[in-house]
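Asker: Need a 3D model of the sequence below.
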Amino acid sequence: MSTLLLTGATGHVGAALLPRLLADPDQRVLALVRARDADHLARRRRDLLAESGAPDTERLELVAGDTTAPGLGLSDPDRARVLDQADAVLHCAASVRFDLPEDKAAAQNLEATASVLALCEALAGRGRLRRYDHVSTCYVAGDRRGRVLETECDQGQGFRNSYEWSKCQAEGRVRAAMERGLPACIHRPSIVVGDSRTGATRSFNVLYWPLKIYARGWWRTLPGRLDARVDLVPVDWLAQAMVALHRDPTSLGRCVHLAQGDAALTIAETMARVQAVTGGPPLRVVDQARYRRYVRPLLWPFFQTARGRRIRRGGDAYLPYCAHNPLFDTTWRDRLLPGLPPPPPLEVLETILRFALDRDFGERDGAARQDA
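Answerer: Below you'll find the predicted structure:
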């Protein structure tokens, strides 16, 4: 029986991974979560089971820790338990915020990865480490244009925010460890949205923000380009693909774009479907340079209002993605997952949008959360 240490189990992707991992009767999972004491750890286990739909089995154990703390915040007994039992590590924990200062993004994404790699080295030193699965992001590509290969990482590109930068630096460390012999696979998701069948999500972030302000009639002008790519994948497909890669020894040594790739939508296609679902008016498009020079100054009094401040904060984070995005090559995805292509993106978009509208983009039930 294999024992996997999983970080980020309480997050959007981690909660989708957990039931799929535990579907294998030969799989044990040690889930690293933040907890103050034993009672809190027990409550977190109950909540995790309820939210993820994972089976209540003795093959799932929670371990108190914190990926941002030295040594992953593990107590000496828990560290000894992990080193004695785990033979694989899947690092899914991350901050997905775009607006963190660089030092905080580094602590959340870069230093946490360094701590996980140190644990992997300790497991390897004991002859226990079977594999390490690292969750990166397609957007380590930063401001690159054109086709981005799965074999590429730091190509001297610029970054649009601290999230992209910190994830690229973290992946660079993983690649360096792989060159030294670490048995690892790098998973690069694109924009992760809700379930492809129901639209359900626990995280109304990223793509949901521009959809929300359009649906509510707050903003109907796009500073960007209609041919910019929108590469989205549903969380259920992503979890299924990641588990398949985790169980496939031939994925070791590879980096895999878990993305639509050539099938990615354009903003024009995205907004046409959004308009059809919501019944809203056509989107106005303006060049970003003209917007910044002429339109934004005129709107500055509005941006000082409560609603305006919310729109400006989101706009500053997501505006660069409306101008251009690279196309993510999926050569290794196609080779390693030939029978598991992502669902058609327009169908996924409509499903997640209907769910978001029904839930008022998470504000009805307070569902909007960050991955932890």
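
Asker: So which residues of the stretch 251-372 of the chain form helices?
Answerer: Under the criterion DSSP state H, counting those that start in this stretch, helices of the stretch 251-372 of the chain are mapped to 267-278, 288-290, 296-303, 306-323, 331-336, 345-358.

Asker: Mind putting those into a markdown table with mean pLDDT, distance to residue 138 and mean neighbour count?
Answerer: To be clear about C-beta, it is placed using only N, CA and C from the backbone, and glycine gets the same treatment. Output for those, formatted as a markdown table (pLDDT from 0 to 100; distance: least, C-beta to C-beta, whole Å; neighbours: other C-beta atoms under 10 Å):
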| stretch | mean pLDDT | distance to residue 138 | mean neighbour count |
| --- | --- | --- | --- |
| helix 267-278 | 95 | 17 | 17 |
| helix 288-290 | 86 | 22 | 13 |
| helix 296-303 | 82 | 29 | 12 |
| helix 306-323 | 80 | 12 | 16 |
| helix 331-336 | 98 | 11 | 17 |
| helix 345-358 | 97 | 14 | 19 |
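
Asker: Minimum distance to residue 33: which of those has it?
Answerer: Closest of the helices of the stretch 251-372 of the chain to residue 33 is helix 345-358, at 26.4 Å (criterion: C-beta to C-beta).

Asker: residue with max distance from the center of the chain?
Answerer: Distance from the centre of the chain peaks at residue 298, with 35.4 Å (C-alpha atoms, centre = their mean).

Asker: I'd like the distance from it to residue 68, if you could.
Answerer: Using C-beta to C-beta, to the nearest Å, residue 298 is found at 42 Å from residue 68.

Asker: what's the answer for residue 156, then?
Answerer: On the measure of C-beta to C-beta, residue 156 and residue 68 end up 29 Å apart.

Asker: got it, and residue 195?
Answerer: In this view, residue 195 and residue 68 are 29 Å apart by C-beta to C-beta.

Asker: which helices and strands sit right next to the helix or strand hosting residue 20?
Answerer: Here residue 20, judged by DSSP states H and E, is contained in helix 12-22. Judged by 3 or more C-beta pairs under 8 Å, 6 or more residues apart in numbering; DSSP states H and E, the packing partners of helix 12-22 are strand 2-7, strand 27-33, helix 38-52, helix 235-246.

Asker: Compare the ones you listed and give me the one nearest residue 90.
Answerer: Smallest distance to residue 90 across these (C-beta to C-beta): 5.1 Å, for strand 2-7.

Asker: Quick check: neighbours of that closest one in the sheet, parallel or antiparallel?
Answerer: When pairing is defined by DSSP bridges, strand 2-7 lines up against strand 27-33 (parallel), strand 88-91 (parallel).

Asker: what's the shortest one in contact with?
Answerer: Strand 88-91 has contacts (C-beta atoms under 8 Å, 6 or more residues apart in numbering) with 2-8, 17, 67, 112-113, 116, 119-120, 123, 129-135, 242, 246.

Asker: same question, the longest one
Answerer: Strand 27-33 is contacted from outside by 1-7, 9-10, 14, 18, 21-22, 41, 44, 48, 59-65, 67, 72, 74, 81-82, 85-86, 93, using C-beta under 8 Å, 6+ apart.
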